[in-house]
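Undergrad: what follows is a predicted structure for the sequence shown.
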Amino acid sequence: PIHINKAMSMNLEMVGKKFELMSLYGGWGFEGQKSKIKLDHNIIVIDSKTGNSSHRHNPFFMLKAKDATYNTGNVYSFNLLYSGNHYEMVERSSFDKVRIQHGINPYCFKYEVRQNEIFESPFAILTFSSNGINGASQNMHGFVSEHILNKAHKNTCAPILINNWEATYMKFKESTLHAIINNAKDLNLEMFVLDDGWFGRRTDDTKGLGDYDVNMKKLHRGLKGISEYTNKKGLKFGLWLEPGRTSKQSNAIKEHPDYYLNEMLLDFANEKAREFILNKTFDVIKKYNVSWIKFDFNVTLGEDVLGTSFDSYATGLKLYVKEIRKAYPNIYITCCGAGGFMCDISSLEWSDSFWPTDNQGPIQGLRIYKDFIKRLPSYSFEKWDVRTFINSIPDVFNGGRKINVSVNTNNGMWTNLVGLDDAFTFNFLNGGVMGFSTDIASFPQEYKDKFKDLISAYKKEREFYLDFFYENYLRVWIKMCYFAVEF
């Protein structure tokens, strides 16, 4: 057999002196932060060792000429069609040659190729534009649209959804969900997605994962009852799933301890484990007429738990989700992972959109999205309106009359609130997959009427956003920043 310990997908050399390397770094709640480094006589490495593409460091980067702007100058843009540990190295030698290596991270990478077996490294992607950052971004967007996105949903607009998470978390009952669904219908929304908490003993984040039997205490008529109720109201039904993780006390881990790693993660490299969770997933989709799946992956490997390589895990996960895509090509799939650590170009081979960040506040969110869109098109990102109302606030400009004030979360949690003009919030939502996660049943009627009008206006224009490129988004972001008022 042949033993592979390092396999780069790209090894490129070119002549150049005055380059600047632009990449994205971050973490939970502050994904997609831009970093710029002057390419001097040095070696710069970007990588991930978490088992996924990671929001800490992304496999995307740009090399721009020193004098390049958003619309002029030479820019090279790089990406990797891979969701596991990645490695990017950029070096400027003493002879002023620039060398780029791009591929699977050699950290904990071991691959044995036996006779008649094939090992295939992931595709590295390179594009060049003499029209600046915007030109390179548009090239990358075009590549994703033509060669990566699910053909069943190409050039189609995603349904406008309502998700119950920020309204109820895991504490809900049928009547609460019915109220949200009823109001969603009145507001002309198109999809209801039931989030975490519908199965097993799932009352908090320590229980119930891995067991997909319906919690009948919360849903007296079962998941089928909620699905049918949603469909009767004219909405499609979606569901949250986290197939890659289990709770310590779950029946799944008691029955199949060999399917799990560190008592937490499903071993996607194990064919039997993959078949086990695949059958569970197929069963849920078929039984409950699921039209949208929000796949969540909240835990990273963190160490070489397989004893062989992270690559086996990433490859197994991809096989699992591709089987779902093959069996259900028309189902809409969102890829989510503790915010944005699954937000890479390879995930779009099986998903239709990303959940790029839990920080859905319009101000902070725009700062994240404006740099994300350098590498991926806006219609691959979900953006939600997450708001609540503070009642009976005295209006100091109107004689102290008590009013209801609408506030948005501004940091992915409810510890920082911001009051925004509704038009600002809707402009934020427009450039991507529009969603809501809020208790719309509690909205004052005046806000329900306003939201209904804004949603109707968006529906008339949403096809425009299929071609909403980086330069357009940047200009809107700059313009909108003048209208935000925090209190």
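TA: Perfect, thanks for sending it. If you're wondering where the values come from, they're calculated on a predicted model, not measured in any experiment.
Undergrad: just the strands in the stretch 101-250 of the chain please.
TA: Per DSSP state E, counting those that start in this stretch, the stretch 101-250 of the chain carries strands over the ranges 111-113, 124-129, 161-163, 191-194, 236-241.
Undergrad: and the first one, what other elements does it pack with?
TA: On a contact count with 3 or more C-beta pairs under 8 Å, 6 or more residues apart in numbering; DSSP states H and E, strand 111-113 meets strand 2-4. No exception for glycine: its C-beta is placed from N, CA and C like everyone else's.
Undergrad: straight-line length of stretch 124-141, end to end?
TA: Taking C-alpha to C-alpha, to the nearest Å, stretch 124-141 runs 15 Å from one end to the other.
Undergrad: report the buried residues of that stretch.
TA: Residues of stretch 124-141 classed as buried: 124-125, 127, 129, 131-141 (neighbour count, 16 or more other C-beta atoms under 10 Å).
Undergrad: on that earlier part again, among the strands of the stretch 101-250 of the chain, which is nearest Tyr379?
TA: Within these, the stretch nearest Tyr379 is strand 161-163; the backing value is 14.4 Å (C-beta to C-beta).
Undergrad: what pairs with that closest one, parallel or antiparallel?
TA: Sheet pairing here is set by DSSP bridges, and for strand 161-163 it gives strand 191-194 (parallel), strand 433-436 (parallel).
Undergrad: residues touching the last one, excluding its own?
TA: Contacts of strand 433-436 with the rest of the structure, by C-beta atoms under 8 Å, 6 or more residues apart in numbering, involve 158, 160-163, 189, 353, 379-385, 429, 458, 462.
Undergrad: buried stuff in the helix or strand where Phe428 lies?
TA: Here Phe428, judged by DSSP states H and E, is contained in helix 422-430. Within helix 422-430, the residues scored as buried using 16+ other C-beta under 10 Å are 424-430.
Undergrad: pLDDT below threshold where in this protein?
TA: In the predicted model of the chain, residues 263, 302-309, 388-420, 465-487 satisfy pLDDT under 70.
Undergrad: and the helices in it?
TA: For the chain, the helices defined by DSSP state H occupy 132-147, 165-168, 174-186, 222-232, 251-255, 271-287, 310-327, 362-372, 422-430, 445-461, 470-480.
Undergrad: tell me what the shortest one is packed against?
TA: Looking back up the chat, that one is helix 165-168. So helix 165-168, by 3+ C-beta pairs under 8 Å, 6+ apart, packs with helix 174-186.
Undergrad: quick check: buried residues in the helix it packs on?
TA: 176-178, 180-181, 183-185.
Undergrad: out of these, which comes closest to Phe295?
TA: Closest approach to Phe295 among the buried residues of helix 174-186 (C-beta to C-beta): Leu177, at 20.8 Å.
Undergrad: for stretch 6-17, buried residues please.
TA: Buried, per 16+ other C-beta under 10 Å, within stretch 6-17: 8-10.
Undergrad: an error on my part: the question was meant for stretch 228-243.
TA: 229-230, 233, 235-243.
Undergrad: stretch 198-212 now?
TA: 198-202, 208-212.
Undergrad: got it, and stretch 264-279?
TA: Buried, per 16+ other C-beta under 10 Å, within stretch 264-279: 264-270, 273-274, 276-278.
Undergrad: now stretch 240-260
TA: Within stretch 240-260, the residues that count as buried by 16+ other C-beta under 10 Å are 240-247, 250, 252-253, 256, 259-260.
Undergrad: what about it, distance to the chain center?
TA: Centroid separation for stretch 240-260 versus its chain: 23 Å, with C-alpha atoms, centre = their mean, to the nearest Å.
Undergrad: what comes into contact with it?
TA: Contacting residues not belonging to stretch 240-260 are listed as 165, 193-196, 198, 200-201, 206-212, 263-268, 270, 272-273, 276-277, 280-281, 284, 293-299, 317, 320 [C-beta under 8 Å, 6+ apart].
Undergrad: what about it, start to end distance?
TA: Stretch 240-260 has its terminal residues 21 Å apart, counting by C-alpha to C-alpha.
Undergrad: likewise for stretch 211-224?
TA: The straight-line separation of the ends of stretch 211-224 (C-alpha to C-alpha) is 17 Å.
Undergrad: stretch 8-28 too?
TA: 29 Å.
Undergrad: number the chain from 52, please
TA: Sure, I'll start numbering at 52, so the last one becomes stretch 59-79.
Undergrad: quick check, distance from it to the centre of its chain.
TA: Chain-centre distance of stretch 59-79: 23 Å, with C-alpha atoms, centre = their mean.
Undergrad: before we move on, what about stretch 361-374?
TA: 17 Å.
Undergrad: give me the contact list for that stretch.
TA: Under C-beta under 8 Å, 6+ apart, the answer for stretch 361-374 is 102-103, 133-136, 155-156, 158-160, 162, 294-295, 318-321, 325, 328-329, 346, 348, 352, 355, 357, 384, 397, 400-402.
Undergrad: tally up the residues packed near Ser104, please.
TA: Per other C-beta atoms under 10 Å, the neighbour tally for Ser104 reads 27.
Undergrad: now do the one 4 residues further on
TA: Other residues near His108 come to 21 when the count uses other C-beta under 10 Å.
Undergrad: show me what contacts it?
TA: Shown in contact with His108 (C-beta under 8 Å, 6+ apart): 74-76, 97-99.
Undergrad: so who does the closest residue to Phe250 other than its chain neighbours touch?
TA: Residue nearest to Phe250 in three dimensions, not counting chain neighbours: Tyr263, with 5.0 Å by C-beta to C-beta, 6 or more residues apart in numbering. Contacts for Tyr263 (C-beta under 8 Å, 6+ apart) come out as 250-251, 292, 331, 334-335.
Undergrad: mind redoing it with 10 Å?
TA: For Tyr263, the contact set (C-beta atoms under 10 Å, 6 or more residues apart in numbering) comprises 249-251, 274, 290, 292, 294, 301, 303, 328, 331-332, 334-335.
Undergrad: picking that back up, reformat the helices of the chain as JSON lines; add distance to Ile53.
TA: Output for the helices of the chain, formatted as JSON lines (distance: least, C-beta to C-beta, whole Å):
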{"stretch": "helix 183-198", "distance to Ile53": "30"}
{"stretch": "helix 216-219", "distance to Ile53": "47"}
{"stretch": "helix 225-237", "distance to Ile53": "55"}
{"stretch": "helix 273-283", "distance to Ile53": "48"}
{"stretch": "helix 302-306", "distance to Ile53": "36"}
{"stretch": "helix 322-338", "distance to Ile53": "22"}
{"stretch": "helix 361-378", "distance to Ile53": "15"}
{"stretch": "helix 413-423", "distance to Ile53": "38"}
{"stretch": "helix 473-481", "distance to Ile53": "51"}
{"stretch": "helix 496-512", "distance to Ile53": "54"}
{"stretch": "helix 521-531", "distance to Ile53": "42"}
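Undergrad: of the ones you listed, which is nearest Asp118?
TA: Here helix 183-198 is closest among the helices of the chain (C-beta to C-beta), at 10.0 Å.
Undergrad: how far off centre is the closest one?
TA: The answer for helix 183-198 is 19 Å, by C-alpha atoms, centre = their mean.
Undergrad: counting by contacts, list what it packs against.
TA: Contact partners of helix 183-198 among helices and strands, from 3 or more C-beta pairs under 10 Å, 6 or more residues apart in numbering; DSSP states H and E: strand 108-116, strand 126-131, strand 175-180, helix 521-531.
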